[in-house]
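Trainee: I would like the atomic coordinates for the input below:
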Amino acid sequence: MTDARMINRFREFAALVALLAALVLAPLAHAQETNLAAELVAERAAQPGEDVMVALHFTPRSHEWHGYWSNPGDAGLGMQLDWQLPEGWEAGDTLYPVPQTLMISGIMNHVYEHEYAVLIPITVPADFSPSGSVPISLKAQWLACTDKICVPEQAKLSLFLDSKPDSVEDQRFAMWRAALPPMLDSKSAFALTQNELRLAIPIPASMALDAPHVFVSNEQLVDYGAPQTFRRKGDVLAVEIPLKGGATPEKVEGILSLGEGNGVRFMAELGDVPSGGTLVKGTAADIPPIWLLLLGALAGGLLLNIMPCVFPILSIKAISLARAGESEAQARRDGLAYTAGAMLASVALGAVMLVLRAAGEQIGWAFQLQEPSVVVFLLLLAVAITANFAGLFELPSLAITRDDKPASSFATGLLAAFVATPCTGPFMAAALGAALLLPPLPALLLFAALGLGLALPFLMIGMVPALRSRLPRPGAWMVRFRKLMAVPMGLTALALIWLTSRLGGQGFALIALVVVFGLVVALMIVGRLQRAGKLAWPAFGLIAAPFLIFGAFALPASYAEAEVSAEDSLLKPQAFSETALAEARASGKPVFLWFTADWCVTCKVNEGVAIEREATKQAFEKAGVVAMVGDWTRRDAEITMFLNAQGAAGVPLYLWYEPGGEAEQLPQVLTPDTLTELAQRPR
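Mentor: Got it, this is the predicted structure:
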C-alpha cells in the first residue's frame with residue numbers, strides 16, 4: 001500500500017470516528033455563537049403509543065438579551081419551528097412558561113429576560129418498534145433582542161432519541177414543567193364591547209393576587225400596553241382590556257400572570273362576563289385610600305371656584321351671595337338649596353358617565369360638552385341668562401335674581417355644577433381618575449364630594465353669620481352689579497357660538513345663531529309685556545316655537561364635523577396617536593404632549609400663557625423637542641383610554657418625556673416659564 005493510499009484511508013477513518021463521536025458522545029444539539037443559544041433535549045426514551053417531551057432550552061449570552069413569547073406583543077417575533085420527524089410521529093403545541101412584560105418607549109413586549117425552556121410533546125405511534133436511537137431534527141428561527149438592537153437567529157437542531165426503557169430521565173424537566181402555567185379546569189368566558197375585551201376567569205376568591213397581568217395569545221386583538229382593570233366577584237376574576245382591533249374571535253386564549261413567574265392558562269369562549277365587583281388593579285398607579293380621594297374631590301371642587309373654566313358662572317353666584325345677607329333664615333335656605341343643586345348635578349353627571357362607560361362607551365369627565373346638542377342648549381341658556389342679567393326680562397321659573405325662593409339657589413347650583421366642571425383642576429385629577437375604576441357607590445361619593453366642594457363657599461356664607469356680616473348690604477348697587485355681570489355671561493355665549501362652529505362646522509353655527517335670534521326676539525317681547533303688567537309667557541311660546549322647531553330639524557341636517565388642524569399653533573405639533581407617540585419617544589428627543597379641548601377654558605388659558613409663545617417655540621427648536629397634541633373637543637376613544645391610563649378623567653393633561661424616560665406629568669396650571677425651563681434642562 002502506497003503512502004498516499006494510507007493517508008487517504010486514515011482520513012476516511014478519522015472522518016468516520018468524528019461522525020461516530022458526534023452521534024454517540026453528543027446526544028443533544030446546540031446552536032453555538034448566538035446571542036440566545038438554543039439546545040434540543042429529550043426528557044426520556046421514546047416508547048410506543050406514548051408522548052415524549054422534548055425541550056428547546058434557551059440561554060442568553062448575557063442579561064441584556066431576551067427572547068419572546070408566542071405572541072411577542074407590539075414588536076418582536078414569535079419562534080418558528082419546522083420539524084423533521086419519522087413517519088407517523090407528530091409534534092404537539094409548544095408550551096411556554098409565563099412571560100414578562102417589557103415596555104420600551106411606549107411599546108409593550110412579551111419576553112423572557114433569563115434562561116428558559118419551551119416544551120413540545122412528541123407523539124410516538126403505537127406501532128413503533130424500539131431499536132436503538134431515533135433521529136429527530138428541526139429548523140428553528142427566533143429573535144434575540146436587547147433594549148437597543150434585535151438580531152434574527154436560526155439553527156438546525158438534531159437529537160437522537162433513545163428507545164431503551166431503562167434510560168435515565170433528564171432531571172431538568174421537573175424544573176421546566178413547574179414553570180409552565182397549568183390550564184384551568186373550569187371554563188372562562190369573554191365578551192366584546194365597542195372598545196374593550198372583557199374576560200371572566202375562574203379564580204378562587206381566597207387566592208392572593210399581587211400584580212396580575214393577562215397575556216392574550218390572539219394577535220392584534222387587544223392594546224398590549226394599555227392598563228388592564230381587574231375586579232373580583234366571588235370566585236370570578238373579571239378583566240377589562242382595551243381593544244386594538246381585528247375581527248371577533250371564536251375563542252380567546254392566554255396566560256394570567258399571578259406574579260413572580262406564576263400563572264395559569266385559560267381558554268375563553270363567548271359568554272357572560274359579570275360587571276361590578278371589588279377592584280384589584282386598574283391604572284398603572286395604585287388607587288389611594290377612599291378618604292384621601294374624597295378629600296381630593298372636595299378640594300378640587302373648592303378650587304374650581306377660582307379656576308378659569310368657572311368664571312362664566314361666577315356672576316350668578318356673586319348676585320346670590322350678595323342677596324344672602326337679607327335674612328338669616330333665607331341665607332341658610334339658599335346655602336342648603338344651592339349645595340343640594342350642585343351635589344345633585346355632580347352626582348347625576350357622574351352616574352351618567354359611569355353608566356355609559358359600563359355600556360362600552362369611551363368617555364370621560366365633561367363628556368356633555370362633546371355633544372353638539374348639549375352645547376347648543378348651553379348657548380341658548382347663556383343667552384337667556386345674559387338677557388335676564390341685562391334686565392331685558394324676568395324669569396320667575398328659575399328666579400336667579402328676582403325672588404327669594406330656595407328654588408332659585410337650587411337651580412343656580414344645578415347650573416353651576418353643569419357648566420363649571422368641564423376642566424379638571426388640582427386634586428381633582430386623581431379623584432376623578434379613580435372614580436372611573438371604583439365600584440359605583442364609592443365612585444358616586446367622589447362626585448358628591450366634588451359638588452360639595454364647589455358649593456362650599458356659598459354654604460359657609462349661608463350657615464355662618466360672621467361671614468355674611470362681611471358682605472355688602474343689599475341696595476341699589478345690586479341692580480347695577482347685575483347688569484355688569486351680563487358682560488361675562490355675554491362673552492360666554494360668544495365662546496359657545498365659536499364652540500358650535502368647532503364641533504359642527506360653520507353651517508351648524510349659523511343655524512344655531514338663527515335659533516338664538518328667535519330666542520332673543522321672544523325674550524324682548526316677554527320683557528315688554530312684563531313691564532306692562534300683562535301675561536307674557538304665552539307670547540314667548542308663540543314666537544320662540546317656530547325657531548325652536550326649525551332648529552330641531554335644521555341643526556342635525558347641517559352638522560358636519562369640522563377638521564382639526566394644528567397649523568395655527570406656533571409649535572406645529574403632531575396629532576396624537578399611540579403609534580405617533582411611540583415613534584416620537586424612540587427618536588431620542590424630548591417629547592411634550594398636551595391634551596386640550598375647545599370647551600376647556602383652563603386649557604385655552606394655559607395655551608396662551610405657556611404653550612403658544614415665541615419663547616417656548618425657540619426653546620423647543622433649540623432642544624429638538626417633539627410637540628404633540630391630542631384634541632378632545634369631540635369624542636375620541638383612543639385619547640380617552642390614554643387619559644385613563646394616566647389616571648386622568650379629563651383635560652387639561654400635560655406630559656413631558658425625557659429621551660428614554662417615562663412620562664412626567666406637569667401641573668394643570670402652567671406658568672410662562674414651565675416649558676422653557678424643561679426644554680433647557682441639561683441632557
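Trainee: Tell me where the stretch 551-683 of the chain is predicted with low confidence.
Mentor: 561-567, 601, 649 (pLDDT under 70).
Trainee: pLDDT of the helix or strand hosting residue 409, averaged?
Mentor: Secondary structure assignment for residue 409, by DSSP states H and E: helix 406-420. Taken as a whole, helix 406-420 carries a mean pLDDT of 74.
Trainee: just stretch 52-65 next, same as before
Mentor: 92.
Trainee: what's the spacing between that stretch and its chain's center?
Mentor: Centre-to-centre, stretch 52-65 and its host chain are 35 Å apart (CA atoms, centre = their mean, to the nearest Å).
Trainee: Give me the buried positions along it.
Mentor: By neighbour count on 16 or more other CB atoms under 10 Å, the buried set for stretch 52-65 is 52-60, 65. The way it works is simple: take the backbone N, C-alpha and C, and place the C-beta from them, glycine included.
Trainee: any idea which of those is closest to residue 103?
Mentor: Distance ranking of the buried residues of stretch 52-65 against residue 103, using CB to CB, places residue 65 first at 17.5 Å.
Trainee: so that closest one touches residue 34, yeah?
Mentor: No - at 9.4 Å, residue 65 does not count as touching residue 34 under the criterion of CB atoms under 8 Å.
Trainee: Common neighbours of these two, please.
Mentor: Here residue 65 and residue 34 have residue 144 as joint contacts, going by CB atoms under 8 Å, 6 or more residues apart in numbering.
Trainee: Give me the distance between the two termini of stretch 253-265.
Mentor: Stretch 253-265 has an end-to-end distance of 8 Å (CA to CA, to the nearest Å).
Trainee: Quick check: phi and psi on residue 353?
Mentor: Here is the backbone geometry of residue 353 (degrees, to the nearest 10): phi -60, psi -40.
Trainee: do residue 483 as well
Mentor: phi -70, psi -30.
Trainee: any idea how far residue 280 is from the closest residue to residue 260 other than its chain neighbours?
Mentor: Excluding the flanking residues, the one nearest residue 260 by CB to CB, 6 or more residues apart in numbering is residue 210, at 7.7 Å. Taking CB to CB, to the nearest Å as the measure, residue 210 falls 10 Å from residue 280.
Trainee: Looking at these two now, which is surrounded by more residues?
Mentor: A count of neighbours by other CB atoms under 10 Å puts residue 280 above the other of residue 210 and residue 280, at 18 against 11.
Trainee: you'd agree the more buried one is in a helix?
Mentor: No - counting by DSSP: H, G, I helix; E, B strand; the rest coil, residue 280 is not part of a helix but strand.
Trainee: From what I see, it and residue 212 are in contact.
Mentor: Yes - counting by CB under 8 Å, residue 280 touches residue 212, with 6.6 Å between them.
Trainee: which residues do these two both contact?
Mentor: Here residue 280 and residue 212 share the contacting residues 230, 237, scored by CB under 8 Å, 6+ apart.
Trainee: Show residues contacting stretch 451-459.
Mentor: For stretch 451-459, contacts defined as CB under 8 Å, 6+ apart pick out 297-305, 317, 320-321, 324, 334-336, 338-339, 341-347, 409, 413, 416-417, 420-421.
Trainee: mind listing what the residue nearest to residue 260 touches?
Mentor: By CB under 8 Å, 6+ apart, the neighbours of residue 210 are 258-260.
Trainee: one more time with 10 Å, if that's ok
Mentor: For residue 210, the contact set (CB atoms under 10 Å, 6 or more residues apart in numbering) comprises 257-260, 262, 280-281.
Trainee: so where do the helices sit in the stretch 401-550 of the chain?
Mentor: Applying DSSP state H, counting those that start in this stretch to the stretch 401-550 of the chain gives helices spanning 406-420, 428-435, 440-463, 465-468, 477-484, 486-531, 537-558.
Trainee: Distance from the chain centre to the longest one, please.
Mentor: The offset between the C-alpha centroid of helix 486-531 and the centroid of the whole chain comes to 36 Å, using CA atoms, centre = their mean.
Trainee: now it and helix 537-558, what's the angle there?
Mentor: Angle, helix 486-531 to helix 537-558, by axes from the mean of the first three to the mean of the last three CA atoms, to 10 degrees: 140 degrees.
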